[in-house]
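Q: Here is a sequence with its predicted model. Questions after.
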Amino acid sequence: MKITVSALLVLLLSNTSCQGFVVVSPKTTTTTTTTTSSSSSLFATSNQQDDEQLNNNNNNNKEKNNPFANAIASNMVGFAVATSVLWSSPAMLFSTLPSSMQNNNNNNNMMPSVAMAKEKASGSGDESINNNMMPSSSSIVAMAKEKASGSGARVNKDADSLLRLGLPITNKEVRKLQTDIENINIDLGSKRKAAALDGVKKVKTQLVSNNKALTSMVNACRPDAKCETFVQNMDPLLSELSLKIAASQDAFTGSEQERTAIDGAYKAWNTLQQELTNLEEGMVPAGYRTPVPSEYSDLPQLQGRATVEFVIKKGPDTVGVFNINGNNYPEAKMTMVIDGYVAPITGGNFIELVQKGFYNNMNIQRSDGFVVQTGDPDGEAVGYTGGTPSKAVGAGPKGERLVPLEIMPLKDYPGQEALYERNIDEDGRGGEATVLPFSSYGAMGWAREEYSPNSGSSQFFWLLFDSDLTPAGKNLLDGNYPCFGYVVKGADFLQDVKEGDIITSAKVTQGVNNLKLP
């Protein structure tokens, strides 16, 4: 049997006795045995886990929703076969490490599982408890069929690009323009300066007056959109970009002159891509709404997009500043775009909670190097209890308002409803791409219990994406958990956001009018 290097690494690590990777946030009293793959159900906590958490972590934090982790089965033959298929997600590797190397983060409620096999494969633990967040085996080897979800050699990690691709537009000319503009940035990053200059020329050709491609793009815009202005703004930016790239070619490699010229090129390109975003947003049909089944009309819906800003400060038990690449910052400020085109119910639920101040002064409840997670309020409830539960979805055990699982396959978009209350595998479409993939650092996902599609309420996570360990289209998140937005500014702060840090402010800065309440 052929085993990859990744499989051998995991097999070696698995020989060390380790504590299970806890999955979801319990708050009642169901006892379970901690094994290599122990986990707990969403609304049932283990007394033993509570005791171990107090002893190992020396804190009183309750367990939180865990978006990544049932533990790996101890059946090593099946384990080796599964891991030989592809690189597993980092949380899977993490779950095999000794507890001393896991940073003792046991606040793991509702995080998407990354296990390769169910615990019952090893015959240990309570099966009714340990089957809560394990993805189906078919999802482990699912391969995305669309470029947008990271299929092939190149994974799209750019949040702005992914959001543009997520707009409900179908104009082929603007998609080609987008590809050519984004390739300039890729060439700049690889210092392929000649290719970048050729890319600038290619884009200029598409924007020449009376060009058929340009005419098609402008005609695709709404009457109220200023698409011609956006196109006109691009011309001087392309000229500036060309000059800066040429200047970097003339400078000595590694010189201050080269760095200055390249910085100028990036600045011009960034403004250029903002104009591209404006152009594409102008093509969204007037009044476009992603259809939502009528039975969910009693839940908040986001009919469009909204921008949210979070400010996070260090908690009392953490270092007082955020150290990002050697620079210290007194607070972490992040800007996120929430996409109601792709996830109208999930996005609407999140925006309403932000508007209500639900996340203000809430602690970060999980930070393990793979995700940063929050949203579990104080008290026995594991979600938001202030609203009226949906008749279709119902309420959680403590009165939590629940929202249905919401997945938007790329092939159904735009124009069709998302998948509700089932993942993409359960719909018989395993391997299909989703509109918004988990392929960007800071991708936002809605936490839920693995085997309860309607168990999400208020907990969410930021994925600390690593293309080598959690490749888009090949990880266990795409098609199983809703990706409802991305961090577009300040994502680097996530690398130093720790458990216990405090969200001092969460507010909607744009698009609040797109929120429609029941």
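A: Received the coordinates, thanks.

Q: okay, CA-based contacts and neighbour counts for the rest of this
A: Noted.

Q: can you pull the contacts of V512?
A: A306, I351 (Cα atoms under 8 Å, 6 or more residues apart in numbering).

Q: try N423
A: With contact taken as Cα under 8 Å, 6+ apart, N423 is in contact with L405, E406, I407, P453, G479, N480, Y481.

Q: what's the longest helix in the protein?
A: When the chain is parsed with DSSP state H, its longest helix is helix 256-281.

Q: The contacts of N423: which two are farthest apart?
A: For those, the farthest-apart pair by Cα to Cα is P453 and G479; their separation is 12.1 Å.

Q: Please say which of the two ends up with more neighbours.
A: Per other Cα atoms under 10 Å, whichever of P453 and G479 has more neighbours is G479, with 32 against 21.

Q: What mean pLDDT does the longest helix of the chain get?
A: Helix 256-281 carries an average pLDDT of 98.

Q: could you say what helices and strands that helix packs with?
A: Applying 3 or more Cα pairs under 8 Å, 6 or more residues apart in numbering; DSSP states H and E, one finds that helix 256-281 contacts helix 159-165, helix 172-189, helix 227-250.

Q: count of neighbours near L197?
A: Close neighbours of L197, defined as other Cα under 10 Å, add up to 20.

Q: Give the buried residues for the longest helix of the chain.
A: For helix 256-281, the neighbour count (16 or more other Cα atoms under 10 Å) marks 257-258, 261-262, 264-266, 268-269, 272-273, 275-281 as buried.

Q: What of stretch 281-298?
A: Buried residues in stretch 281-298 (16+ other Cα under 10 Å): E281, G282, M283, V284, R289, T290, V292, Y296, S297.

Q: Would you mind confirming that the last one makes contact with K516?
A: No. Contact between S297 and K516 fails when scored by Cα atoms under 8 Å: they sit 9.8 Å apart.

Q: and L207, what does it touch?
A: Contact partners of L207, counting by Cα under 8 Å, 6+ apart, are A213, L214, V231, D235.

Q: correct me, but the first one touches E173?
A: The reference is to A213. Yes. Assessed by Cα under 8 Å, A213 is found in contact with E173 at 5.7 Å.

Q: In terms of neighbours, single out the busier of those two.
A: Taking neighbours as other Cα under 10 Å, A213 and E173 compare with A213 leading, 20 against 17.

Q: ok, now how distant is that one from V174?
A: Note on A213: its distance to V174, by Cα to Cα, to the nearest Å, is 8 Å.

Q: Over to V354?
A: The gap separating V354 from V174 is 33 Å, by Cα to Cα.

Q: between those two, which one's more packed in?
A: More neighbours surround V174 than the other of V354 and V174, with 22 against 19 (other Cα under 10 Å).

Q: And the pLDDT at that one?
A: Listed pLDDT for V174 reads 98.

Q: and the nearest residue to it once chain neighbours are set aside, what does it touch?
A: In this structure, V174 finds its nearest non-sequential neighbour in M217, 6.1 Å apart by Cα to Cα, 6 or more residues apart in numbering. By Cα under 8 Å, 6+ apart, the contact set of M217 is N171, E173, V174.

Q: which residues in the chain form helices?
A: Taking DSSP H to define them, one finds helices in the chain at 5-14, 47-57, 76-85, 90-95, 127-130, 137-140, 159-165, 172-189, 193-206, 212-219, 227-250, 256-281, 344-355.

Q: Could you dump those into TSV with distance to N361 added?
A: Listed next are the helices of the chain as TSV, based on distance: least, Cα to Cα, whole Å:
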stretch	distance to N361
helix 5-14	38
helix 47-57	22
helix 76-85	41
helix 90-95	28
helix 127-130	32
helix 137-140	37
helix 159-165	27
helix 172-189	38
helix 193-206	45
helix 212-219	45
helix 227-250	40
helix 256-281	33
helix 344-355	12
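
Q: Compare the ones you listed and report which one is nearest to A443.
A: That would be helix 159-165 among these, by Cα to Cα, at 7.9 Å.

Q: what residues does that closest one touch?
A: Defining contact as Cα under 8 Å, 6+ apart, one finds that helix 159-165 is touched by 148, 156, 182, 277, 280-281, 435-436, 440, 443, 486-488.

Q: Then stretch 239-254?
A: Under the criterion Cα under 8 Å, 6+ apart, residues 193, 196-197, 200, 257-259, 261-262, 264-266, 268-269 lie in contact with stretch 239-254.

Q: Apply 10 Å and report the result again.
A: Residues outside stretch 239-254 that contact it (Cα atoms under 10 Å, 6 or more residues apart in numbering): 184, 188, 191-194, 196-201, 204, 234-238, 255-269, 272.

Q: where do the strands sit along the stretch 401-518 of the chain?
A: Per DSSP state E, counting those that start in this stretch, the stretch 401-518 of the chain carries strands over the ranges 406-407, 419-420, 443-446, 460-463, 483-489, 502-510, 515-516.

Q: Can you lay out the ones you listed as JSON lines showing mean pLDDT and mean neighbour count?
A: Listed next are these as JSON lines, based on pLDDT from 0 to 100; neighbours: other Cα atoms under 10 Å:
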{"stretch": "strand 406-407", "mean pLDDT": "98", "mean neighbour count": "28"}
{"stretch": "strand 419-420", "mean pLDDT": "98", "mean neighbour count": "18"}
{"stretch": "strand 443-446", "mean pLDDT": "98", "mean neighbour count": "27"}
{"stretch": "strand 460-463", "mean pLDDT": "98", "mean neighbour count": "27"}
{"stretch": "strand 483-489", "mean pLDDT": "98", "mean neighbour count": "26"}
{"stretch": "strand 502-510", "mean pLDDT": "98", "mean neighbour count": "19"}
{"stretch": "strand 515-516", "mean pLDDT": "98", "mean neighbour count": "20"}
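
Q: Could you give the bridge partners of M362?
A: Judged by DSSP bridges, the bridge partners of M362 are I503.

Q: does it really touch G500, like I thought?
A: Yes. Because the distance of 9.0 Å satisfies Cα atoms under 10 Å, M362 is recorded as touching G500.

Q: before we move on, back to that, how close does the residue nearest to V174 get to N171?
A: As for M217, its distance to N171 is 7 Å (criterion: Cα to Cα).

Q: try G415
A: 14 Å.

Q: same deal with W462?
A: When distance is defined by Cα to Cα, W462 is 31 Å away from N171.

Q: which one of the contacts of M217 is nearest P344?
A: Minimum separation from P344 among the contacts of M217 (Cα to Cα) is found for N171, which lies at 22.7 Å.
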